[in-house]
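**Student:** okay, predicted coordinates and the sequence, questions at the end:
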Amino acid sequence: MPGVTVDGVSKHFGAVRAVDRVSLDVADGRLLTLLGPSGCGKTTTLRMIAGLEHNDAGRIVIADRVVSDAAAGVFVAPERREIGMVFQSYAIWPHMTVFANVAYPLEVRRLTRTAVIERVGEVLRLMQMEHLATRQATMLSGGQQQRVAIARALVFQPRVLLMDEPLSNLDAQLREQMRLEIRALQQRLGITTVYVTHDQEEAMVLSDEIAVMHEGRVLQRADPQTVYARPASRTVAAFFGAPNLLAAKVREVRREGDGALARVDGEGWEGWGAAPDDVCEGDAVTVVVRPEIIRIATDAAGAGNGGRPGIAWRGVARQRIFRGARNLYTVETGAHGGGLAALRVTVDAPPDQTVALGSAVTLTVDAAQTWAVRD
Ligand SMILES: Nc1ncnc2c1ncn2[C@@H]1O[C@H](COP(=O)(O)OP(=O)(O)O)[C@@H](O)[C@H]1O
Ligand SMILES: [Mg+2]
């Protein structure tokens, strides 16, 4: 099956282990995002797929062809890997027109003039840039320059598209628009794509699957919903922007179906949370509680779990941030005598759950919407 397979690939720069035994596969026509903080090895992984770096261990397969195998000494040169690449810096030539920029990869491949005109016309139409063909590259906006870079990457019909933070230099509004554009284009062309970003929202919008990287390794690889709702570790949850990461101990486990419910005991609170099926009594866990699933009310009855297993906290609403359709509260939860620091919980509540600052509140969540992961 055409696609990309990265199998146990590593890369060292001197003593720095930039990429450490990374394995990934991207099925034909799918988009996989490498997501992680700066320095975690995303670019190096992408450059090894492209053949711009030699991997010092492992194998890379593109469209059923082994393009690199460190042990066997196989290494296919970048220009023979049939990949298109788009970088953060657009890397387009300022002194050339849009047409000449996009035509360049075809001229390198010595296509006839007629074929070049036809292919460039086609891809500029695809990118809705036909009217800009004769424009000098320096006369383009940032978004248009990035479109030229994408057109140039696609013009020779690569089997795989590699994109390294292509939207990082654009302003917020354009970035959001271009995300949707790139996703629509990728799906229309059905082109296998590996995309790199440090922006988890961008990853969620664009990806069929996300590989969360940290210190040269892949911590979790799953579809966006799973990474969001069922992070594999505290590190993944933290990187994915979960503000409520509550330390607790597992006191009891009930297994049901392919998951488990754990009775968890935190500092000054306890309750039931969903957990992976291999969780054990006595485990130290982090309970991930998404702010938007917490109900907030000034009396216990208004919150409540309707008898379902879950967690409740008593506290005081300390801060409210107006977010238009929602309010973001910071709640200091109680039972923190004895010198314990107050536990702050962030709640993202709809307008029908408005509470006054300083009032005593009850927070509740259903167990099924929480997630207790081992640290
Ligand atoms: N050419 C290089 N020489 C030395 N160290 C490098 C080189 N390229 C990357 N590194 C190091 O490898 C690690 C991973 O870098 P990189 O793949 O660029 O991360 P990311 O793209 O996730 O920000 C970093 O510690 C970086 O400093
Ligand atoms: Mg990078």
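**Tutor:** Perfect, thanks for sending it. Numbering: from 1, shown residues only. Ligands and ions are numbered 1, 2, ... in the order given.
**Student:** can you give me the pLDDT of the most centrally placed residue in the chain?
**Tutor:** Centroid check for the chain by C-alpha atoms, centre = their mean gives A203 as the closest residue, at 3.4 Å. On pLDDT, A203 comes in at 96.
**Student:** could I get the buried residue list for the helix or strand harbouring it?
**Tutor:** Assigned by DSSP states H and E, A203 belongs to helix 200-206. Applying a neighbour-count criterion of 16 or more other C-beta atoms under 10 Å, one finds Q200, E202, A203, M204, L206 buried in helix 200-206. Just so you know, the C-beta spots here come from the backbone N, C-alpha and C atoms, and that holds for glycine as well.
**Student:** what does that helix contact?
**Tutor:** Under the criterion C-beta atoms under 8 Å, 6 or more residues apart in numbering, residues 31, 33, 35, 167, 175, 179-180, 182-183, 186, 195, 197, 210, 224, 228, 239-241 lie in contact with helix 200-206.
**Student:** just the buried residues of these.
**Tutor:** Judged by 16+ other C-beta under 10 Å, buried ones among these: 31, 33, 35, 167, 175, 179, 182-183, 186, 195, 197, 210, 224, 228, 239-240.
**Student:** out of those residues, which sit inside helices?
**Tutor:** R175, R179, I182, R183, Q186, P224, Y228, F239 (DSSP state H).
**Student:** hang on, isn't the third one packed against L154?
**Tutor:** No: between I182 and L154 there is no contact under C-beta atoms under 8 Å: 11.2 Å.
**Student:** ok, so what distance separates the residue nearest to the centre of the chain from S89?
**Tutor:** 21 Å (C-beta to C-beta, to the nearest Å).
**Student:** where are the low-confidence patches of the protein?
**Tutor:** 1-2, 300-304, 334-341 (pLDDT under 70).
**Student:** can you map out the helices along it?
**Tutor:** So, for the chain - with DSSP H - the helices run 42-50, 98-108, 113-126, 142-154, 172-189, 200-206, 224-229, 234-239.
**Student:** what's the separation between the residue nearest to the centre of the chain and G310?
**Tutor:** The value you get for A203 to G310, if C-beta to C-beta is used, is 29 Å.
**Student:** again with A15
**Tutor:** 48 Å.
**Student:** can you check A18 too?
**Tutor:** 43 Å.
**Student:** what residues are up against the closest residue in space to D208 that isn't next to it in sequence?
**Tutor:** Leaving out its chain neighbours, the residue that sits closest to D208 by C-beta to C-beta, 6 or more residues apart in numbering is R30, at 4.4 Å. The contact partners of R30, taken as C-beta under 8 Å, 6+ apart, are G3, T192, T193, D208, E209.
**Student:** out of those residues, the closest to R251 would be?
**Tutor:** Closest approach between those and R251, by C-beta to C-beta: E209, at 34.7 Å.
**Student:** who's in contact with that closest one?
**Tutor:** V26, R30, L31, L32, T33, R221, A222, D223, P224.
**Student:** can I get the residues you listed in CSV with distance to ligand 1?
**Tutor:** Formatted as CSV, the contacts of E209 follow (distance: C-beta to the nearest ligand atom, whole Å):
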residue, distance to ligand 1
V26, 18
R30, 21
L31, 18
L32, 15
T33, 12
R221, 16
A222, 19
D223, 21
P224, 19
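**Student:** tell me which two in those are the farthest apart.
**Tutor:** V26 and P224 (14.8 Å).
**Student:** enumerate the residues of the protein near ligand 1.
**Tutor:** F13, V16, A18, G36, S38, G39, C40, G41, K42, T43, T44 (C-beta under 6 Å from any ligand atom).
**Student:** whichever of the residues you listed end up buried, select them in PyMOL.
**Tutor:** Filtering the residues of the chain next to ligand 1 down to the buried ones (16+ other C-beta under 10 Å) takes a single PyMOL command:
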select buried, resi 18+36+40+41+42+43+44
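**Student:** quickly check the residues of the chain next to ligand 1 for the two that are furthest apart.
**Tutor:** It's F13 and G36 that sit farthest apart of the residues of the chain next to ligand 1, by C-beta to C-beta, at 17.2 Å.
**Student:** I'd like the distance from the longest strand seen in the chain to the chain centre, please.
**Tutor:** If you go by DSSP state E, the chain has its longest strand at strand 310-323. Mean-position distance between strand 310-323 and its chain equals 28 Å (C-alpha atoms, centre = their mean, to the nearest Å).
**Student:** that strand packs against which elements?
**Tutor:** strand 270-275, strand 326-333, strand 343-349, strand 360-366 (3 or more C-beta pairs under 8 Å, 6 or more residues apart in numbering; DSSP states H and E).
**Student:** comparing those strands, which comes out most buried?
**Tutor:** Most buried of those by mean neighbour count (mean count of other C-beta atoms under 10 Å) is strand 270-275; its value is a mean of 24.
**Student:** okay, the angle between the longest strand of the chain and strand 270-275?
**Tutor:** 80 degrees (axes from the mean of the first three to the mean of the last three C-alpha atoms, to 10 degrees).
**Student:** so for strand 310-323, what gets flagged as buried?
**Tutor:** Buried residues in strand 310-323 (16+ other C-beta under 10 Å): G310, I311, A312, W313, R314, G315, V316, A317, R320.
**Student:** closest to E122 among the residues you listed?
**Tutor:** R320 (53.4 Å).
**Student:** look up how far V365 lies from the closest one.
**Tutor:** R320 is 19 Å from V365, by C-beta to C-beta.
**Student:** got it, and Y329?
**Tutor:** From Y329 to V365 the distance is 14 Å (C-beta to C-beta).
**Student:** now do L111
**Tutor:** From L111 over to V365 the distance is 60 Å, taken as C-beta to C-beta.
**Student:** sweet, I'm off.
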